[in-house]
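>>> make a model of this:
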Amino acid sequence: MFDNRVRLLTDQTCYEGLFIASVEGSTEEVPPLNNITPTHSEQPTTGDYRYEYEASDIFEDGEQRTPGIGESRKATIDDWHRYTEQITMEANLRVKSGVVQRGWHGHDVTLVLDACEHMRGDKFVSMKSAARRYIEGVKQIQRTRGLVENVGIAVFCERSRLLHEHTSDYDLLLSLIDELEPEGEAPIIGGLLMGMATVLAGTTTCSGGVLVQGHMIMFTDGTSSDKDLISTDSEVLSVIRTIAEHSIKVYYVQLGEQQLSVIMEQAVKETKGKVISISEMYRLIRMSHLLGVAARVAGEMKFLSEEPNRDFISQKIYELTRNPEDQNEDCIDFVVEFTNSQLKEGIYKELKCRTLHLGDRVRRGPLWTYGEQDGNCPGTVIGQHDNGWVRVMWDNGHNNIYRYEESSNTFNLRRVNEKRILVDEMIAVGCRVVRGGDWRYGDDDGGFGTMGTVLNVKPEDSNGEDMHSQINVPADGHETKNASWEYKDNKDSEWKKYPLDINYKIENAFKKKPTEKTNFKMDMKTYIINFAKNIQVNPRDGTEIEVRRSV
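Take a look at the predicted model:
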């Protein structure tokens with residue numbers, strides 16, 4: 001298989017929602033059945049509409065009133081994980097049902113409020129005031145710029161809960177904040193998990209070809225009852241790394257005069273967030289706008305051969321928006337992150353897996369936990385991100401990294417043999433191609449008849465020449481005219497089809513010399529087909545299996 005690494009350069013910018021739920025899915029691509037007994041109308045409503053998330057069925061012993069969750073015995077990390085997964089699932093279903101008012105073209109932001117008893121007094125008043133200031137700020141941006149931000153609110157206290165899913169009903173959110181009162185205690189780790197659950201119940205946005213996950217803003221004084229919950233630092237780090245793996249940034253608004261929380265500082269560092277003073281709420285209010293600007297700038301610079309310096313980035317920001325206020329450190333930091341070479345690392349890099357290769361077509365696998373991120377479409381493997389992680393470009397245009405770890409049988413993906421369907425386009429990532437009539441690169445493609453997979457696309461090559469004269473995309477008619485080659489699996493005595501690219505190579509070799517042999521690689525092994533005897537031979541161990549050709 002050769003890599004025809006052509007690229008698509010685009011200045012288009014879009015925002016669209018992708019539901020990402022932290023609930024294990026199955027390989028069957030059907031929407032989940034709602035096994036939650038509704039306590040509310042399923043019809044979309046307007047006005048003061050609320051839904052109470054209860055901490056139910058979390059513990060087997062049936063006891064109640066744990067601090068932070070609502071049960072009498074001490075909650076463990078596993079209890080918190082089960083509770084937050086339940087919240088994510090319920091919230092995700094409610095958002096999909098349409099009962100939540102949303103602006104469908106904006107960023108999702110989660111406010112996490114510390115409503116514990118130790119916050120009572122000036123700190124609690126300051127927190128509510130800051131949260132209100134944030135909501136009023138995004139409301140003003142909606143009126144003046146038309147940018148609709150969806151805001152969700154979670155609280156951690158004696159009854160840690162999701163106050164409301166991400167919504168553009170800002171007046172409702174303001175009323176919920178006004179009604180909030182401190183109660184009981186809960187650990188900071190619980191607050192981080194509540195924030196993650198709320199973020200994952202929302203959507204991710206795409207701007208300038210860059211995926212931007214929702215972020216959380218956590219308001220707390222840093223006082224924690226985590227010592228009653230956590231026994232080791234590794235458990236704390238595990239929670240924080242889980243949040244970071246979901247690309248969720250944590251912004252920490254410190255309340256009161258206490259020293260900064262060690263756990264929160266660690267969360268900020270690991271997720272590449274920031275510590276924000278309560279007097280700098282304007283930075284958080286403008287964050288969604290800056291994310292969009294940075295993504296567009298990064299999209300224009302992602303094919304630069306060298307990493308751009310901060311002055312160059314600042315100039316590009318101004319050229320895009322003509323607003324000096326956008327040339328701030330927050331926006332520049334976002335651009336640096338989006339164009340960082342570490343993010344590019346792994347693209348077009350051959351995989352270390354035995355059962356999955358660069359260019360393979362995939363779908364969501366048995367341990368899929370990323371909601372609708374794939375758009376229920378197949379995708380193309382475009383690189384190895386890290387050991388056990390591969391990068392996939394989905395047919396809906398989005399790409400991300402996913403677990404494919406053979407040593408532990410942890411698979412977010414499964415390999416499929418599905419063609420890339422073209423809709424009003426000449427070529428796209430995932431297309432299988434062969435050399436065209438004007439091919440002039442010798443046997444760089446592996447020889448005549450070899451198929452390759454497109455890993456990236458741009459309209460023209462560097463010399464402005466039409467790429468379609470150099471490669472051909474096998475059309476459906478072309479493929480169906482080719483014969484189908486199959487091999488007999490000795491394990492179950494069933495006839496199985498060769499992958500499309502291998503079938504194409506075998507058929508071309510057969511047409512040239514129908515009584516001789518050809519060799520090919522499949523699943524990291526070399527095989528020889530003897531056309532005269534209709535057998536496939538493994539030269540390493542001498543095993544033979546039957547093959548057949550049908551037209």
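>>> CA only for contacts and neighbour counts going forward, please
Noted.
>>> mind listing what Glu136 touches?
Listed by CA atoms under 8 Å, 6 or more residues apart in numbering, the contact set of Glu136 reads Tyr170.
>>> on the C-terminal side of the helix or strand harbouring Ile317, identify the next helix or strand.
Element membership of Ile317, judged by DSSP states H and E, is helix 310-321. Counting by DSSP H and E, the element after helix 310-321 in chain order, helix or strand, is helix 329-339.
>>> next, the angle from that next one to helix 310-321.
100 degrees (axes from the mean of the first three to the mean of the last three CA atoms, to 10 degrees).
>>> residues touching helix 329-339, excluding its own?
So helix 329-339 is contacted by 210, 290-291, 293-295, 297-298, 301-302, 307, 310, 313-314, 343 (CA under 8 Å, 6+ apart).
>>> gap between Val109 and Leu291?
Computed as CA to CA, to the nearest Å, the Val109 to Leu291 distance reads 12 Å.
>>> quick one: which of the two has more around it?
Taking other CA atoms under 10 Å, Val109 and Leu291 do not tie; Val109 has more neighbours (26 against 23).
>>> that one contacts Val148, correct?
No. Between Val109 and Val148 there is no contact under CA atoms under 8 Å: 11.2 Å.
>>> picking up where we left off before, out of the contacts of helix 329-339, which are buried?
210, 290-291, 293-295, 297-298, 301-302, 313-314 (16 or more other CA atoms under 10 Å).
>>> what pairs with Lys517 across the strands?
Beta-bridge partners for Lys517, by DSSP bridges, are Asn530.
>>> so who does it touch?
Contacts for Lys517 (CA under 8 Å, 6+ apart) come out as 528-532.
>>> can you give me the helices in the stretch 201-350 of the chain?
Along the stretch 201-350 of the chain, the segments classed as helices by DSSP state H, counting those that start in this stretch run 233-245, 262-271, 281-285, 287-301, 310-321, 329-339, 341-344.
>>> contacts only, for the residue nearest the centre of the chain.
Nearest to the mean C-alpha position of the chain, by CA atoms, centre = their mean, lies Asn400 at 5.1 Å. Residues in contact with Asn400, defined by CA under 8 Å, 6+ apart, are 391-393.
>>> and it, what are its bridge partners?
Beta bridges link Asn400 to Val392, judged by DSSP bridges.
>>> pLDDT wise, what is it at?
Asn400 is assigned a pLDDT of 83 by the prediction.
>>> what of the one 4 residues further on?
Listed pLDDT for Tyr404 reads 91.
>>> surely it forms part of a helix?
No. According to DSSP: H, G, I helix; E, B strand; the rest coil, Tyr404 belongs to no helix; its state is strand.
>>> mind checking the pLDDT average for the helix ranked longest in the chain?
Scanning the chain for the longest helix, with DSSP state H as the assignment, gives helix 122-145. For helix 122-145, the mean per-residue pLDDT is 96.
>>> run the chain-centre distance for that helix.
Put simply, helix 122-145 sits 29 Å off its chain's centre (CA atoms, centre = their mean, to the nearest Å).
>>> next helix or strand past that helix?
Downstream of helix 122-145, the next assigned helix or strand under DSSP H and E is strand 150-156.
>>> three-state assignment of Leu113?
Following three-state DSSP, the label given to Leu113 is strand.
>>> correct me, but it touches Arg161?
No. Between Leu113 and Arg161 there is no contact, the gap being 10.3 Å when judged by CA under 8 Å.
>>> what touches both of the two?
154-155.
>>> so the helix holding Ile317 versus helix 287-301, what angle?
Relative orientation of helix 310-321 and helix 287-301, computed by the same axes, to 10 degrees: 110 degrees.
>>> counting by contacts, list what helix 310-321 packs against.
helix 287-301, helix 329-339 (3 or more CA pairs under 8 Å, 6 or more residues apart in numbering; DSSP states H and E).
>>> elements contacting the first one?
Under the contact criterion of 3+ CA pairs under 8 Å, 6+ apart, the helices and strands touching helix 287-301 comprise strand 203-207, strand 210-212, helix 310-321, helix 329-339.
>>> returning to what we had before: by neighbour count, which of the contacts of Asn400 wins?
Val392 leads the contacts of Asn400 on contacts (other CA under 10 Å) with 29 neighbours.
>>> that one and Gly449, how far apart?
For Val392 relative to Gly449 (CA to CA), the value is 26 Å.
>>> measure the nearest residue to Gln213 once chain neighbours are set aside to Asp169 for me?
In this structure, Gln213 finds its nearest non-sequential neighbour in Thr204, 4.6 Å apart by CA to CA, 6 or more residues apart in numbering. Applying CA to CA, the value for Thr204 to Asp169 is 19 Å.
>>> on that earlier part again, buried residues in the longest helix of the chain?
Per 16+ other CA under 10 Å, helix 122-145 contains these buried residues: 123-124, 126-128, 130-139, 141.
>>> keeping just the C-alphas, turn that helix into CSV.
Extracted in CSV, the C-alpha atoms of helix 122-145 (Å, rounded to 0.1, in the frame of the first residue of the first chain):
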residue,chain,number,x,y,z
ASP,A,122,-18.7,36.3,51.6
LYS,A,123,-17.0,33.5,49.5
PHE,A,124,-20.4,32.1,48.5
VAL,A,125,-21.8,35.6,47.7
SER,A,126,-18.6,36.3,45.6
MET,A,127,-18.9,33.0,43.7
LYS,A,128,-22.6,33.6,42.8
SER,A,129,-21.8,37.1,41.7
ALA,A,130,-18.9,35.9,39.5
ALA,A,131,-21.1,33.2,38.0
ARG,A,132,-23.8,35.7,37.3
ARG,A,133,-21.3,38.1,35.8
TYR,A,134,-20.2,35.3,33.4
ILE,A,135,-23.7,34.5,32.3
GLU,A,136,-24.5,38.2,31.8
GLY,A,137,-21.3,38.6,29.8
VAL,A,138,-22.1,35.7,27.3
LYS,A,139,-25.6,37.1,27.1
GLN,A,140,-24.2,40.5,26.0
ILE,A,141,-21.9,38.8,23.4
GLN,A,142,-24.9,37.0,22.0
ARG,A,143,-26.7,40.3,21.6
THR,A,144,-23.7,42.2,20.1
ARG,A,145,-21.9,39.6,18.1
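>>> what angle do helix 287-301 and that helix make with each other?
Angle of helix 122-145 versus helix 287-301, following the same axes, to 10 degrees, is 50 degrees.
>>> contacting residues for the closest residue in space to Met393 that isn't next to it in sequence?
Closest residue in space to Met393, ignoring its immediate chain neighbours: Asn399 at 4.2 Å, by CA to CA, 6+ apart. For Asn399, the contact set (CA under 8 Å, 6+ apart) comprises 211, 391-393.
>>> mind running it again at 7 Å?
For Asn399, the contacting residues are 391-393, by CA atoms under 7 Å, 6 or more residues apart in numbering.
>>> low-confidence ranges in the stretch 301-450 of the chain?
302-303, 305, 341-346, 386, 424, 437 (pLDDT under 70).
>>> which other helices and strands contact the helix or strand containing Glu546?
For Glu546, the enclosing helix or strand under DSSP H and E is strand 544-550. The criterion is 3 or more CA pairs under 7 Å, 6 or more residues apart in numbering; DSSP states H and E, and the helices and strands that strand 544-550 contacts are strand 484-489, strand 535-537.
>>> buried ones in the helix or strand that comes right after the first one?
By that I understand strand 484-489. Downstream of strand 484-489, the first helix or strand assigned by DSSP H and E is strand 494-497. By 16+ other CA under 10 Å, the buried positions in strand 494-497 come out as Lys497.
>>> strand 494-497 packs against which elements?
Counting by 3+ CA pairs under 7 Å, 6+ apart, the packing neighbours recorded for strand 494-497 are strand 484-489.
>>> could you measure Val392 against Val416, distance?
Shown here: Val392 relative to Val416, a distance of 13 Å by CA to CA.
>>> count of neighbours near Pro539?
Pro539 has 12 nearby residues by other CA under 10 Å.
>>> so it sits in a helix?
No. Per three-state DSSP, Pro539 lies outside any helix segment and is coil.
>>> without its sequence neighbours, what residue ends up closest to it?
Tyr527 is the one closest to Pro539 (CA to CA, 6+ apart), at 6.7 Å.
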